[in-house]
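In: okay, sequence plus prediction incoming.
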Amino acid sequence: MHRIIQDLEQRQLRSDRPRFKPGDTVRVHFQVIEGQRRRLQVFEGIVIKRQGAGARETFTVRKQSFGVGVERTFPLHSPKIEKIEVAAIGDVSRAKLYYLRGKVGKKARVREVQRRGPLSSADAVAAGVGDGTQPEPEAGTAGEQEQQPEPEAVAAEESAAAESEPEAETEEAGAEAPSV
């Protein structure tokens, strides 16, 4: 009997869900059914907890709406959830962020992780960029790059031309003005 339940749960799991953890800011796009109408609603906030496992896993998102804290709990693998977007990655040290319930305004914010530098080679491979190393320029492309003037040289020529034009205008204006 236990094996049958596991098989049923395994079929209900959705693989298109992104990885996120408490502290991350997420946008949850879910279907709302009002009478005969179906519409998509977006709920954006900070994940304050994840609990459960398998098909019964849920997560709770909290946001401030007009100064009032609003929390909503979603089943992670629900067919009503169209997609989940991770807007920002939070830097927290706890699994449950219940302390945010007592805070309002700027104090209810979570510090964000700042990504610095290029992707790691593992991230680049996962993103489909290549093997994570810089590709060598092709022979045809290098020749084309050498023929184009450098942007610094073009900018220097344009600024020199712009500086000489106002001087000519002031000389003409001085010649036309009557001397007193």
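Out: Structure's in. What do you need?
In: what residues are up against the nearest residue to residue 48 once chain neighbours are set aside?
Out: Distance criterion Cβ to Cβ, 6 or more residues apart in numbering; nearest residue to residue 48, sequence neighbours excluded, is residue 97 at 4.2 Å. From N, CA and C alone the C-beta is placed, and that goes for glycine too. Residues near residue 97 by Cβ atoms under 8 Å, 6 or more residues apart in numbering: 22, 23, 46, 47, 48, 49, 62, 110.
In: mind naming the longest strand for this structure?
Out: As assigned by DSSP state E, the longest strand anywhere in the chain is strand 37-51.
In: and it, what's buried?
Out: By neighbour count with 16 or more other Cβ atoms under 10 Å, strand 37-51 contains the buried residues 43, 45, 46, 47, 48, 49, 50.
In: so the second one sits against residue 59, correct?
Out: No: the pair residue 45 / residue 59 is not scored as a contact, 10.7 Å apart, by Cβ atoms under 8 Å.
In: the host helix or strand of residue 59 - contacts with which helices or strands?
Out: In the assignment (DSSP states H and E), residue 59 maps to strand 58-65. Applying 3 or more Cβ pairs under 8 Å, 6 or more residues apart in numbering; DSSP states H and E, one finds that strand 58-65 makes contact with strand 37-51, strand 68-75.
In: output the ones you listed as TSV; include the columns mean pLDDT and distance to residue 6.
Out: Listed next are the helices and strands packed on strand 58-65 as TSV, based on pLDDT from 0 to 100; distance: least, Cβ to Cβ, whole Å:
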stretch	mean pLDDT	distance to residue 6
strand 37-51	93	20
strand 68-75	92	18
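In: same list (those strands) but as TSV, adding distance to residue 29.
Out: Below are these laid out as TSV (distance: least, Cβ to Cβ, whole Å):
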stretch	distance to residue 29
strand 37-51	5
strand 68-75	11
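In: out of the ones you listed, nearest to residue 83?
Out: strand 37-51 (9.6 Å; Cβ to Cβ).
In: from the contact counts, what lies against the closest one?
Out: Using 3+ Cβ pairs under 8 Å, 6+ apart, strand 37-51 is in contact with strand 25-34, strand 58-65, strand 68-75.
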